[in-house]
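# Here you go, sequence then predicted model.
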Amino acid sequence: MISSYDLDLNIDFERGFIQGTVAVHATNIGEHLDLDAKELAITGVTADGKPVKFRHENDIIRISQIPESEEIVIVLRYEKKIPDDVTTGVYKSRYGKEYFIATDFEPDRARTFFPCKDDPSWKAVFNIRVVTEAGLTVISNSPLSRIEDTDDPGRKRHVFEPTPKMSTYLVFVGVGRFSEVSRRLEGGPTVTVASRAEGSQRADFILGIACNALKESGQYFGTPYPLEKLHMIALPEYGGAMENWGAITSYEAAMLVGKEAGAFDRRTAAITMVHEIQHQWFGDLVTMKWWDDIWLNESFATFMSYKITDRLRPEWDCWSDFLSNLGFDSMAVDQLHATHPIQARIGNPAEINEVFDRISYGKGASVIRMMESFLGEDIFARGISNYIRKFSYLNARSEDLWKSLEESSDQPVSKIMGAWITKSGFPLVTVGRKGSKLLFTQKRFLLTGKEEESGSPWPIPVNVQINGELSKFLLDTPSKEIGIKGDVLRQVKANLGQGGYYCVKYDEDMYDALASSFHSLGGLDKAGIVNDLFQLMKAEEVDPSVYFRFVGLCGEVDDYATALLASTQLQLLWGIAETSKDVERACRSFLESQLARLTLTPRATDRENDGYLRGRFASMFSRLDDDFAKKLAPQFDGFRALDSNMKPAVAVAYARTVGEKAFDEVERILVKTEDETERWKLYAGLVAFDEPGLVERALDFVASGRVSRSDSYWPLLFGAWNPRARRAEWEWIKRNYDRIGELLGSRLYVLMLLQRVVPTVAVENEKDATDFLSADRSSRGRMGHGQTLELLSVHARLRRRLRPV
Ligand SMILES: [Zn+2]
């Protein structure tokens with residue numbers, strides 16, 4: 001067992017070089033000890049002060065002939081050059097001519113920073129000391145205890161308080177010219193946003209969210225935030241966000257939110273940070289035993305981030321976002337043969353990249369939400385807080401959580417959750433008539449082909465409204481009959497409130513009833529019907545006319561959930577079949593009525609999300625309608641001062657109307673823009689040109705890394721919404737395939753990006769894409785490109801069915 005590590009790091013910031021000494025305090029280890037160490041040059045090992053034998057092979061240091069002793073201190077000396085070309089492990093996050101040195105270890109990169117037992121269940125205390133150039137700020141998990149002089153007057157030693165017992169993947173060290181803004185939470189920790197100097201003026205919003213979220217989460221978990229401080233470190237070059245205990249890191253836009261930011265920017269930042277804050281308990285205080293429960297770690301934090309944010313800011317209507325971005329979004333891949341169960345067996349941490357996808361986040365979070373709506377909010381919360389208390393500073397497995405929920409609810413949680421996390425896919429529930437009763441049947445919902453084997457049914461908690469009355473039952477058999485009060489059926493809506501992770505298909509006359517009462521339904525229910533029909537159309541379970549009938553009703557809706565969902569679907573349809581009459585008619589009718597409802601300028605009566613929807617619809621309409629783009633384009637002259645929500649729309653309109661000259665202007669502003677979210681808005685324009693050559697130039701510009709390497713995801717994604725440059729983007733992706741990998745840094749991001757982009761941009765080049773991606777030997781395993789290619793074939797089939805002219 002290892003009880004603690006004393007980590008002494010001598011960091012030459014200017015040269016990017018580390019000399020490290022780690023003292024491993026161990027008990028009862030016997031005469032051998034294997035430690036993980038990768039990309040480190042080990043220069044010496046001692047045990048209780050005496051040199052011992054060691055062998056460093058295959059990223060493991062085997063230390064042998066350790067003298068017999070109950071307690072022993074093994075000291076390893078090593079050196080490490082900080083690489084220039086990565087954004088994981090220990091790396092440089094660049095801005096202008098400067099950089100921060102920062103770390104990012106999940107799942108298995110701590111071993112590239114110091115020799116250790118790099119396994120989440122080997123929790124230990126970390127005593128961290130860093131010597132570096134005077135004048136630099138050093139941040140770690142624990143509060144800074146003191147700064148000491150060293151023999152060299154130009155170098156200072158930063159000594160940190162011991163951490164609590166924690167896993168290696170959560171260790172953090174950051175060095176650089178950080179500027180810090182702090183706020184103290186009453187009776188709680190000090191919260192500090194650390195960023196480059198310009199960021200400090202934009203830290204206020206997230207400080208407020210973080211303080212309130214810490215308080216609210218502490219109450220929910222029944223355990224206050226366990227540390228004395230929380231750093232939130234905004235990194236200029238960094239793709240994601242990471243929950244290092246007491247030292248959360250993220251891309252800048254998730255922390256630095258200016259006053260001019262739109263509702264979407266604020267909400268996205270808040271949800272991202274609240275997610276990392278949930279991990280401070282669920283993940284950091286209580287940690288999974290092994291990586292096969294990573295899905296629970298992520299799904300739970302995701303579910304909770306919406307729950308807590310919704311409590312802090314109910315006007316944001318977070319659950320509508322949840323449904324669109326997670327629930328419906330993961331269904332789109334969970335309907336494929338190439339999907340996988342939520343829970344995965346993980347032998348080697350490197351395999352996590354193969355399962356850490358839309359399923360682990362989106363479906364996992366949706367299934368947890370379904371469980372909560374089945375058990376009831378209070379009972380669910382009680383089970384969670386008991387679990388957190390019981391396993392604080394320890395490791396647990398998903399079964400431990402189910403047990404806690406069973407104890408608080410008296411329901412068969414293990415059985416229900418067991419089925420949902422080990423079965424692939426999700427069910428389609430069909431509601432039909434049987435005599436005077438309703439007949440509910442279930443089968444696996446697949447977009448293509450038939451299910452190979454029947455398999456056992458899902459235990460589905462069904463909430464259904466029949467003639468205005470709510471019934472609840474567990475559909476755990478292939479079919480079930482439900483009586484109708486009064487025998488005459490007027491209307492039925494299953495999955496009321498969309499708490500369940502399944503799709504519903506109705507009889508024809510039931511659709512008639514739903515269409516005529518559509519506008520009296522709740523927003524989530526309307527969105528649910530439209531989502532299910534979209535999926536059913538893709539699966540060729542219903543005729544496109546049924547879908548177009550309902551999406552046609554969405555022009556009139558004024559709720560966020562339905563408007564958001566309908567626009568997402570129409571954008572995709574336009575991206576793959578822009579010349580289909582049905583698609584064009586549906587897009588025009590939806591966008592024209594929504595823009596008439598919202599008008600083009602902010603109104604005093606705007607609700608929280610109206611501005612965002614206005615900008616989103618204007619952006620779509622600018623791509624579709626030349627006259628509208630012409631009208632909007634002149635606003636680009638005052639781009640800086642524009643309402644933030646409208647910026648992407650204006651950039652798109654400007655690019656499409658002005659053409660090549662607009663390219664230089666957008667590029668000129670981009671290079672000077674430090675605010676990451678502002679840049680994303682400009683990229684929307686940079687890849688919106690009608691001329692494929694300009695879109696290629698835009699992608700070349702992004703790939704040059706001139707602005708920021710971590711920017712590259714967005715232009716590639718936005719480019720997929722421009723069918724005029726579809727082929728050009730696909731050819732570009734093929735030419736720059738390796739470069740995309742370098743820019744995005746992780747295989748996971750590459751897979752995620754391609755999954756979102758290729759099924760659209762290669763919709764007319766299905767065979768070419770299949771040949772190209774199948775030849776990528778580096779992507780094996782059950783995820784790989786299988787989902788991308790299957791989704792591509794579904795899109796190509798749908799495109800043919802929509803009869804583009
Ligand atoms: Zn997370």
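Received it, and whenever you're ready, just let me know what you need.
# give me the number of residues near Gly455?
12 (other C-beta atoms under 10 Å). Yep, even glycine has a C-beta here, placed from its N, CA and C like the rest.
# ok, it - contacts?
Lys423, Arg444 (C-beta atoms under 8 Å, 6 or more residues apart in numbering).
# what's the pLDDT at it?
Per-residue pLDDT puts Gly455 at 77.
# can you tell me how far it sits from the ion?
According to C-beta to the ion, to the nearest Å, Gly455 and the ion sit 31 Å apart.
# For that residue, give its distance to Pro120.
32 Å (C-beta to C-beta, to the nearest Å).
# what's the answer for Lys681, then?
For Lys681, the distance to Pro120 - C-beta to C-beta - is 38 Å.
# Among these two, which residue is more densely surrounded?
Lys681 (28 against 24).
# and the spatially closest residue to that one that is not a sequence neighbour, how many neighbours does it have?
Leaving aside its chain neighbours, Lys681 sits nearest to Lys647 (4.1 Å; criterion: C-beta to C-beta, 6 or more residues apart in numbering). By the measure other C-beta under 10 Å, the count of residues near Lys647 is 25.
# contacting residues for Lys647?
Contacts of Lys647 (C-beta under 8 Å, 6+ apart): Gly615, Phe639, Glu678, Lys681, Leu682.
# what about it, distance to Leu798?
Distance from Lys647 to Leu798, by C-beta to C-beta: 32 Å.
# Any idea what Val492 is bridged to?
Beta-bridge partners recorded for Val492 (DSSP bridges): Ile466.
# isn't it right next to Tyr511, touching?
No - counting by C-beta atoms under 8 Å, Val492 stays clear of Tyr511, with 10.4 Å between them.
# more neighbours, the two?
Set Val492 next to Tyr511 and count neighbours by other C-beta under 10 Å: Val492 wins out with 21 against 17.
# My guess is Ser408 contacts Ser385. True?
No - counting by C-beta under 8 Å, Ser408 does not reach Ser385; the two are 9.0 Å apart.
# more crowded one of these two?
Of the pair Ser408 and Ser385, Ser408 is the one with more neighbours under other C-beta under 10 Å, namely 21 against 17.
# mind checking how far the residue nearest the centre of the chain is from the ion?
Among the residues of the chain, the one closest to the centroid is Tyr361, at 6.9 Å (C-alpha atoms, centre = their mean). Distance from Tyr361 to the ion, counting by C-beta to the ion: 8 Å.
# Pop out the phi and psi values for that residue.
phi -80, psi -60 (degrees, to the nearest 10).
# likewise Met304?
With angles defined as degrees, to the nearest 10, Met304 sits at phi -70, psi -30.
# Tell me how many other residues surround it.
Met304 has 24 neighbours, counted by other C-beta under 10 Å.
# Which residues are in contact with it?
Ser217, Tyr220, Val274, His275, Gln278, Phe282.
# If I look at Glu452, what pLDDT would I see?
Reading off the model, Glu452 has pLDDT 63.
# Ignore what I typed, I meant Arg345.
80.
# can I assume it is in contact with Asp292?
Yes - Arg345 lies in contact with Asp292 (C-beta under 8 Å); the separation is 5.7 Å.
# one step back: neighbour-wise, which of the contacts of Lys647 leads?
Counting by other C-beta under 10 Å, top hit in the contacts of Lys647: Lys681 with 28 neighbours.
# so who does it touch?
Ser644, Lys647, Pro648, Ala651.
# filter these to the buried ones?
Ser644, Lys647, Pro648, Ala651 (16 or more other C-beta atoms under 10 Å).
# Helices along the stretch 401-550 of the chain, start to end?
413-422, 508-516, 523-538, 544-551 (DSSP state H, counting those that start in this stretch).
# and the first one, how far out from the chain's middle?
The chain centroid and the centroid of helix 413-422 are separated by 24 Å under C-alpha atoms, centre = their mean, to the nearest Å.
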